[in-house]
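Q: Below are the sequence and a predicted model for it; my questions follow.
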Amino acid sequence: METGHGIAAPRDIRDLCDLYEVADEAERDRLMTLAREGKRRAWWQSYDLAYANYVGLEEEAVTISAFMSSVVHGLLHTADYARAGHEGAMPRLDPDQIDQQIEAKLIRQRILTRNDPPRFHVVLDEAALHRQVGGRRVMAGQLSKILETAALPNIVVQVLPYDRGFHPAVESNFTILELPNPAPSVVFVEGLVGSTYLERPDDLNRYHEIFNRLQSIALNPEDTADLVASLACSYGNSLKKAVRRSGSLRPLTSYAPHECLIVSKLHYRNDVREEEVRCFKLAWRFLTCSGARLGVASEMAHA
């Protein structure tokens, strides 16, 4: 155990507690629980992840605060967006490795909907919404997922628009992971030559101050939802002919921006009718969450 090649068993922890005179039963129980959990194989250990340490910290975080300067955060990715990102990366992975990475990423996202999920606050530079990773159809689906995920009560998504000009994180991507007490928080900073973990109090305070500043100058969640929906609508315009071929739908130009977003999703699968029902339910959820006009929500509810 002293060499770091073994894992302490609950019996070892009990003996050490006796040796160091740890008398508090609650603390002894906590250490024994940690020993038992430490012997379990974490799900991400089945995948060859370059960022496995980060995933372990993310799993334990109670609050995740992130800024992304040019791409969407991994916890919001669709499978298509993630695949397009891997296909454009260097060095490029082989198809089986890409499939494995995407599978792991989608499993990661389950923390947002588990019981007792972390609070997730993310600020996206507007550039992340305009960079066409995978093309227009992939982007329409990606922005739709952002809207759907942002409707969850533990998630806040904000966009930092171009017109805010220079800001303190203009050339950076970072994630602040706040862990349960007494574990210290960690800042994960991504870069081309590698990633860095920062734990010093001065660094933590600096990144918290920067993130608070970014939140203060970014669009509020409601205006963010309007912008994301509008951009998704513009990506969906390429599906105009397909929409018009469906006898149950109006021409795309007659839909309001929020409706246009949903209609652009209808042709992602073969069963248009089934997808139509699902997408209108999503539309209703988004409209009621974002405080959109009652008239539009009512129209969608009775469509």
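A: Received, thanks. Numbers count the residues shown, from 1 in each chain.
Q: Shouldn't residue 22 be within a strand?
A: No. Using DSSP: H, G, I helix; E, B strand; the rest coil, the secondary structure at residue 22 is coil, not a strand.
Q: Mind giving me the packing neighbours of the one helix or strand residue 176 maps to?
A: Element membership for residue 176, per DSSP states H and E: strand 173-178. Counting contacts by 3 or more C-beta pairs under 8 Å, 6 or more residues apart in numbering; DSSP states H and E, strand 173-178 is packed against strand 63-68, strand 186-191, helix 201-217. Where you see a C-beta, it was placed from the backbone N, CA and C, and this is true even at glycine.
Q: Show me what the second one is packed against.
A: It refers to strand 186-191. helix 52-60, strand 173-178, strand 194-198, helix 201-217.
Q: Please apply the same query to the first one.
A: Packed against strand 63-68, as judged by 3+ C-beta pairs under 8 Å, 6+ apart, are the following elements: strand 119-125, strand 173-178, helix 201-217.
Q: for it, what is the average pLDDT?
A: Mean pLDDT, strand 63-68: 98.
Q: What residues of that strand count as buried?
A: Using 16 or more other C-beta atoms under 10 Å as the test for burial, strand 63-68 gives 64, 65, 66, 67, 68.
Q: before we move on, back to that, how about the helices and strands packed on strand 173-178, which one is nearest residue 93?
A: Closest to residue 93 of these, according to C-beta to C-beta: strand 186-191, at 17.6 Å.
Q: Chain neighbours aside, what residue packs nearest to the spatially most central residue of the chain?
A: By C-alpha atoms, centre = their mean, the chain has its centre lying nearest to residue 75, at 2.2 Å. Nearest non-adjacent residue to residue 75, counting by C-beta to C-beta, 6 or more residues apart in numbering: residue 109, 5.5 Å away.
Q: So the chain: which segments form each domain?
A: Here the domain parsing of the chain from automatic domain parsing is 1-40, 43-219, 233-301.
Q: right, and these - which one's nearest residue 226?
A: The nearest among the domains of the chain, by C-beta to C-beta, is domain 233-301 at 7.3 Å.
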